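# Here is a sequence together with a model predicted from it:
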Amino acid sequence: MLSVPFIVAQQRFSPPKVSMKFGTGLTQRHLGRVVGGTIYPGLMATSGVIYNLLHALNLPVDIRNICVLLAPGFSALTAWATYMFTKEMKDESAGLPAATFIGIVPGYISRSVTGSYDNVAVAIFLLVFTFFAWIKALKQGSAFLGTITAVFYFYMVAAWGGYAFITNMIPLHALVLFTCAQPSITE
């Protein structure tokens with residue numbers, strides 16, 4: 001099997017001469033799909049922010065190491081966010097089993113292993129934390145927590161295309177509260 005550096009060195013490879021105008025159907029499809037409309041910047045921005053933060057703290061870490069360890073790090077944050085969300089919904093005794101269950105779900109394990117540089121690894125944490133912040137904001141009636149919810153929701157939209165499947169959950173919850181004439185969940 002030939003390696004990419006060998007092929008390039010032998011000049012057997014030339015980049016395709018394709019228009020880079022997105023939306024014309026002529027975009028490059030290295031991933032088997034139109035790349036321009038389906039790549040979300042949140043994953044790369046997260047890696048860049050972590051890289052710059054570590055370098056600001058004089059911790060010289062290679063960007064490849066950050067990319068390799070990003071999924072397990074966000075997996076731990078997801079377990080924490082699941083604990084906090086379940087604790088907010090029920091109590092502490094339900095939070096620990098919920099965090100354990102999210103940690104052993106096979107579908108999530110496949111997206112959170114070392115070396116898996118995938119949008120889902122970041123997005124599931126953002127999804128769970130957004131729901132936690134939404135419920136916490138409703139219970140406390142806090143505009144600050146509502147703003148935190150909006151910021152994390154925006155971050156999730158920037159990081160994951162799957163947001164389209166859950167984008168109506170918070171408005172649907174607000175509609176149910178409104179139709180039941182219950183402006184907050186604390187009453």
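Yep, it's here. Residues are numbered from 1 along each chain as shown.

# who are the neighbours in contact with residue 69?
residue 114 (C-beta atoms under 8 Å, 6 or more residues apart in numbering). C-betas here are computed from N, CA, C, even on glycine.

# ok, now how distant is it from residue 108?
17 Å (C-beta to C-beta, to the nearest Å).

# same check, this time on residue 124
Distance from residue 124 to residue 108, by C-beta to C-beta: 7 Å.

# for residue 181, same thing?
37 Å.

# same deal with residue 173?
Distance from residue 173 to residue 108, by C-beta to C-beta: 23 Å.

# now swap in residue 146 and tell me
From residue 146 to residue 108 the distance is 28 Å (C-beta to C-beta).

# Could you list the low-confidence segments of the chain?
Residues of the chain meeting the criterion pLDDT under 70: 1-38, 182-187.

# can you give me the helices in it?
Assigned by DSSP state H, the helices in the chain fall at 4-9, 42-56, 63-89, 92-104, 106-109, 119-140, 143-159, 163-166, 169-179.

# which residues does residue 42 contact?
Counted by C-beta under 8 Å, 6+ apart, residue 42 has contacts 119, 122-123, 155-160.

# which non-adjacent residue is nearest the most centrally placed residue in the chain?
The geometric centre of the chain, computed from its C-alpha atoms, lies nearest to residue 123 (C-alpha atoms, centre = their mean), at 1.7 Å. In space, not counting the residues next to it along the chain, residue 123 is nearest to residue 160; the distance is 3.3 Å by C-beta to C-beta, 6 or more residues apart in numbering.

# could you measure that neighbour against residue 180, distance?
For residue 160 relative to residue 180 (C-beta to C-beta), the value is 31 Å.

# next one: residue 124
Distance from residue 124 to residue 180, by C-beta to C-beta: 29 Å.

# These two: which is more packed in?
Neighbours were counted for residue 124 and for residue 180 using other C-beta atoms under 10 Å; residue 124 has more, 25 against 8.

# Next up, the contacts around the nearest residue to that one once chain neighbours are set aside.
Spatial nearest neighbour of residue 124, excluding adjacent residues (C-beta to C-beta, 6+ apart): residue 78 at 5.3 Å. By C-beta under 8 Å, 6+ apart, the contact list for residue 78 reads 102, 108, 112, 124-125, 128.

# returning to that earlier point: quick one: residues contacting the residue nearest to the centre of the chain.
Contacts of residue 123 (C-beta under 8 Å, 6+ apart): 42, 156, 159-160, 162-163.

# And residue 103, by the same measure?
75, 79, 109.

# and the gap between the last one and residue 94?
Here residue 109 is placed at a distance of 22 Å from residue 94 (C-beta to C-beta).

# what's the answer for the second one, then?
Between residue 79 and residue 94 the computed distance is 14 Å (C-beta to C-beta).
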